[in-house]
Every structure is written in structure tokens, then in C-alpha cells.
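**Student:** Here is my input, please return the structure:
(one chain, ligands or ions: 1)
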Amino acid sequence: AQPRFSLSHRLPPGHLADALRADALKGLTSVPKTLPPKWFYDARGSELFERITELPEYYPTRAEQRLLQRCAGEVAQLAPHTATLVELGSGSSRKTRLLLDALLAHGALARYAPLDVSPDALAEAGQALCRDYPSLEVSAVVTDYEADLTPPGSGPYLVAFLGGTLGNLDVAERRAFCASLRRLLTPGRDALLLGVDLVKDPDVLVRAYDDSRGVTAEFNKNVLHVLNRELGADFDPDAFDHRARWNAERSRVEMWLRSRVAQRVVLTDPPLRAEFERGEGMRTEISVKFSREGLTGELAAAGFEVRQWWQGDGFGLLLADP
Ligand code: AVJ
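**Tutor:** Numbers count the residues shown, from 1 in each chain. Below is the predicted model:
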């Protein structure tokens, strides 16, 4: 039998290490200090994120799962010619099975193409899907959002970007991301399936990012462990407090690490000294919460027309045409 699983690397060797060094240099010398959320997800961070998705306070994963259970059949009917399901930031591919089942039952699906920064997650999820879906080609690609998003295989493509991850991008980053995604898709043929978290009571939002068991706090501080290991930094994670706040003007939850004391942190590669004042915050994640109108407008500006909108439990799912 032909092998049905392939894993290709789009990132040149050393790319991730270079990107982390550049992000740390830029973020630790900015005012306020920032670090991009993509560096949360080493093996321990991915494990902590999986635990977050099971917390009573963290509703988005369950909400999206229920929505997909309800709507996957309709999605497949609206995109019946899909030959390749592309998934951006596929992670553990847990929600993907609902889409695969529906697309295989309704149509022409031949290939699943997960794109992720983590080769380990791609290998593990990809092999399992290959076992369970004997008619499917699985073409996994190691890449990141700033790099090449060209889908492997052949169209018609259904590109799924789930989990609310679009919310990690600010408005300018979303504009650039949606415009480049639009350029990769062919009008009249391909489609985009987007899952986003919606604006709701700020108390509910903040609790989702500041859970009572402290799992999100551990997840947030994990980025300090990553910098210690990868960049030879000497962050003391206990010298920082986890904070989650609702930024109403920008419609987003922000995660911060707040220095408990005045302290200096030293990095060896790149060589850098970062001074923190007592109480100074470093922003580690934004998670934008959308409205249907606002998101429809942003997508229109990037050349996408929203064809179908579903929502439930405070989470939104949409199908858009390039
Ligand atoms: C995976 C980016 C969608 O923003 O809700 C969960 C990550 N951060 N708890 C989100 C996250 C803190 C999550 N995304």
C-alpha cells in the first residue's frame, strides 16, 4: 500500500529559534514589554492548554465542539466539492473528525492537510487520523502563520481556522492575515470555515482566562520557562503574577505577567538585560472577542463574503467565500 501520511517542513532549519530570538529582543525592549502567544506551545504548554480546554470556566472549546456537532453536516452540504480540508493551527485535530466525517459522507474529500508549528502534534494527530480514515491522504505541513500558508494537494479547498485563534491577532495583523489567505484561495471554488469567540459579559471572559485552579496562570508562566530553556534566560516564574483583563476599547482579553518586585532578567542569546519595575506588566497574549457585524466587515474588506453564520454558547462559526 502507498503511504498515506506525509510530513513536510516549510520552515528552514533554525527558523523557529531565530524567530524566538527576534521576538524576545523586540518584545522585551518594547513599552509595554510583550511576548507573542505562539511561544506558549512547547510540549508542556500544549499539555497545559489541553487542560485549559477541560476547565469549567474555559467555555470556548466545548462551545465550538457543540457547534460543529450541530453544523458539520450543513458545512459539508455548503462545500460539497471539497477535495482537501486544510486546517490552520490544527494542534491535536480533535474537532477535525466532525468535519472529516461530514465531508466524507457528503462529498469528494480526498485529503486532510493540517498546518501547524509543532511537528510532534502533526505526527501524532496525522498518524491517528490515517488509521481511522483509510480512504484519506494526510499531508501535514510544519509552518507558521507569518510564513507560507499555501495549501498542499489540490482544490477545491475548505480552509478551517478554528478555536478562536484569529483572536490572537490584532486588527492590523488580522487584516494582513485575511488578505494573504484570500490570495491563496480561488473564488467560486474554495471556502473558509472560521471559528471565533464572541463578545459577552466581561466577568465570564476574565474568568475563562483566570481559572480558580491556576492552570491558565501556569500556562502563562510557561513562556518564561521556554525563554529560560531556549534563550538561556534567568526568569524566576515565581517572581511574576498572572493577570487577565478585559480591554473594552479593543474588545479583547489580555493576559499579562506582572513583576512582583523590581528585578533584572538576563538573556544570553541574544545578549540582553531586561529591567522590570515592581508592578510592571508584560503582555503575553491578546484574545479578541468578535461581533458578527464587525467580523463580517473585516472579512469583506479582505475580499471574503460570509455565506453562512452559526452561533451557540457565545461562540461563532462562519463559512465565507473568497
Ligand atoms: C488557542 C488562542 C484560542 O485565546 O482562548 C486559552 C489560548 N489562552 N487560555 C484563547 C488561551 C489562555 C486560546 N486560543
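**Student:** When you work out contacts or count neighbours from here on, use the C-alpha atoms and nothing else.
**Tutor:** OK.
**Student:** What does the spatially closest residue to Leu184 that is not a sequence neighbour show for phi and psi?
**Tutor:** Of all residues not flanking Leu184 in the chain, Thr150 sits nearest, at 6.3 Å (Cα to Cα, 6 or more residues apart in numbering). Per-residue torsions, Thr150: phi -60, psi 120 (degrees, to the nearest 10).
**Student:** now Thr150: how far from the ligand?
**Tutor:** Thr150 sits 22 Å away from the ligand, going by Cα to the nearest ligand atom, to the nearest Å.
**Student:** wait, isn't that residue in contact with Thr186?
**Tutor:** No: judged on Cα atoms under 8 Å, Thr150 makes no contact with Thr186 at a distance of 12.0 Å.
**Student:** Report the buried residues of the longest helix anywhere in the chain.
**Tutor:** Determined from DSSP state H, the single longest helix within the chain is helix 60-78. Counting neighbours by 16 or more other Cα atoms under 10 Å, one finds that the buried residues in helix 60-78 are 60-68, 71-73, 75-77.
**Student:** Past that helix, which element shows up next along the chain?
**Tutor:** Following helix 60-78 in sequence order, the next helix or strand is strand 84-88 (DSSP states H and E).
**Student:** quick one: contacts of that next one?
**Tutor:** The contact list for strand 84-88 (Cα atoms under 8 Å, 6 or more residues apart in numbering) reads 100, 109-116, 151, 153-162.
**Student:** and after that strand, which helix or strand comes next?
**Tutor:** Of the helices and strands lying after strand 84-88 in sequence (DSSP H and E), the nearest is helix 96-106.
**Student:** Now for the residue in the stretch 201-322 of the chain that the ligand sits nearest to: which residues touch it?
**Tutor:** In the stretch 201-322 of the chain, the residue found nearest to the ligand is Ser287; the distance is 4.4 Å by Cα to the nearest ligand atom. Residues near Ser287 by Cα under 8 Å, 6+ apart: Thr165, Gly167, Asn168, Leu169, Arg252, Val253, Glu254.
**Student:** hmm, 6 Å instead?
**Tutor:** Contact analysis of Ser287 by Cα atoms under 6 Å, 6 or more residues apart in numbering lists Gly167, Asn168, Arg252, Val253.
**Student:** Test my guess that the third one contacts Glu285.
**Tutor:** No: Arg252 sits out of contact with Glu285 when judged by Cα atoms under 6 Å, with a separation of 9.8 Å.
**Student:** re earlier: so which of the contacts of strand 84-88 are in strands?
**Tutor:** Arg111, Tyr112, Ala113, Pro114, Leu115, Asp116, Tyr157, Leu158, Val159, Ala160, Phe161 (DSSP state E).
**Student:** of those residues, closest to the ligand?
**Tutor:** The closest of these to the ligand turns out to be Phe161 (Cα to the nearest ligand atom; 10.3 Å).
**Student:** how close does that closest one sit to Gly195?
**Tutor:** According to Cα to Cα, to the nearest Å, Phe161 and Gly195 sit 6 Å apart.
**Student:** So the two - more neighbours on which side?
**Tutor:** For Phe161 versus Gly195, the count of surrounding residues by other Cα atoms under 10 Å is larger for Gly195: 25 against 19.
**Student:** is the ligand contacted by stretch 189-205?
**Tutor:** No: residues of stretch 189-205 contacting the ligand under Cα under 6 Å from any ligand atom: none, with a closest distance of 7.9 Å.
**Student:** So which bits of that stretch are buried?
**Tutor:** With burial defined by 16+ other Cα under 10 Å, the residues of stretch 189-205 counted as buried are Asp190, Ala191, Leu192, Leu193, Leu194, Gly195, Val196, Asp197, Leu198, Val199, Pro202, Leu205.
**Student:** Please apply the same query to stretch 174-192.
**Tutor:** Under 16+ other Cα under 10 Å, the buried positions of stretch 174-192 are Arg174, Arg175, Phe177, Cys178, Ala179, Ser180, Leu181, Arg182, Leu185, Asp190, Ala191, Leu192.
**Student:** Show me how far that stretch is from its chain's centre.
**Tutor:** Centroid separation for stretch 174-192 versus its chain: 17 Å, with Cα atoms, centre = their mean, to the nearest Å.
**Student:** those strands in the stretch 201-322 of the chain, which residues are they?
**Tutor:** For the stretch 201-322 of the chain, applying DSSP state E, counting those that start in this stretch gives strands covering 240-247, 252-259, 263-267, 272-276, 281-288, 305-312, 315-321.
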